[in-house]
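>>> Got a sequence here, can you model it:
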Amino acid sequence: MPERSYPPGTFCWFEMVASDQSVARTFYTTLFGWTPLEIPVPGEGTYTALKLGDDVVAGLFGIDDEMRSQGVLPHWLSYVSVADVDAAAARLAELGGRVVAGPVDANGQGRMVVAEDPMGAALGLWQPKAFAGSQRFREPGSPSWTELMTRDEGAALEFYRGLFGWATRVAPGAAGQSYTHFLASGGVGRGAAQLVPLLRRGRSGRYAGTGPSAGRKRRDGAPARPRGGPILSRARSPGSPLRGHGDR
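I've put the predicted structure just below:
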């Protein structure tokens, strides 16, 4: 299958951060029919590329001791494609977000940031080079939608409009609540996000399926190196070892 491309401002990669990598691998491969490809990451264990047929659709890695000590819980992390991740990270900070890790080069495949929005929702930024992101999208067994649950609707709207230039469209939701679509490139296209104001009251913001912030710092207070990030498109070849994400 030809490599997909993801325009700036659309979601491009999806990654599971698991408390037990083996259990999560068994669960998701059984549920979606994915095939795991274990990729050694020197000094950090293994990264699991999750494949649908011959195509990589998502990634999986385990929570390490340092992350666990900081209260990181299992979650899915969604990455948005950007043209310039350094500029996007600076803009994110200007808008009240927090860069948790990066910007950092990922083995020549791209450049990445893990961050939080002002309400604490985790998100990733990915500047593609050799690897654009998930090789299937909106097909059975592949990613199809990303949704934000936030405790402050107004602040979330302002932040994501300012960061990605997304427009918005409000539609009626359940129980009289509104449901806001974020629009990229004039429509609810590939990787568009949704906002669910119904769930904002007293709950920490997160992408659906995401626990408390994926963010972490080293014990010296400096941002941690990302352990995740998009994997090599050549990961479909079991014979090609992959160096870890987050190579500087």
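
>>> C-alpha only now, for contacts and for neighbours.
Fine.

>>> Now do the SS call for the residue nearest the centre of the chain.
Compute the mean C-alpha point of the chain, and by C-alpha atoms, centre = their mean the closest residue is residue 78, 2.0 Å away. For residue 78, the assignment made with DSSP: H, G, I helix; E, B strand; the rest coil gives strand.

>>> Can you give me every residue that contacts it?
For residue 78, the contact set (C-alpha atoms under 8 Å, 6 or more residues apart in numbering) comprises 11-15, 123-124, 146, 207.

>>> before we move on, what about residue 28?
Counting by C-alpha under 8 Å, 6+ apart, residue 28 touches residue 34.

>>> got it, and the one 5 residues further on?
Neighbour list for residue 33: 52, 141 [criterion: C-alpha under 8 Å, 6+ apart].

>>> Residue 160 versus that one, what's the distance?
Residue 33 sits 34 Å away from residue 160, going by C-alpha to C-alpha, to the nearest Å.

>>> do the same with residue 24
30 Å.

>>> Ok, residue 71 next?
As for residue 71, its distance to residue 160 is 26 Å (criterion: C-alpha to C-alpha).

>>> Name the residue in those two with the higher neighbour count.
residue 160 (19 against 14; other C-alpha atoms under 10 Å).

>>> Apart from its chain neighbours, what residue comes closest to that one?
Of all residues not flanking residue 160 in the chain, residue 166 sits nearest, at 6.6 Å (C-alpha to C-alpha, 6 or more residues apart in numbering).

>>> And residue 137, by the same measure?
residue 143 (5.4 Å).

>>> how about the one you found, what does it touch?
Contacts of residue 143 by C-alpha under 8 Å, 6+ apart are 14, 57, 136-137.
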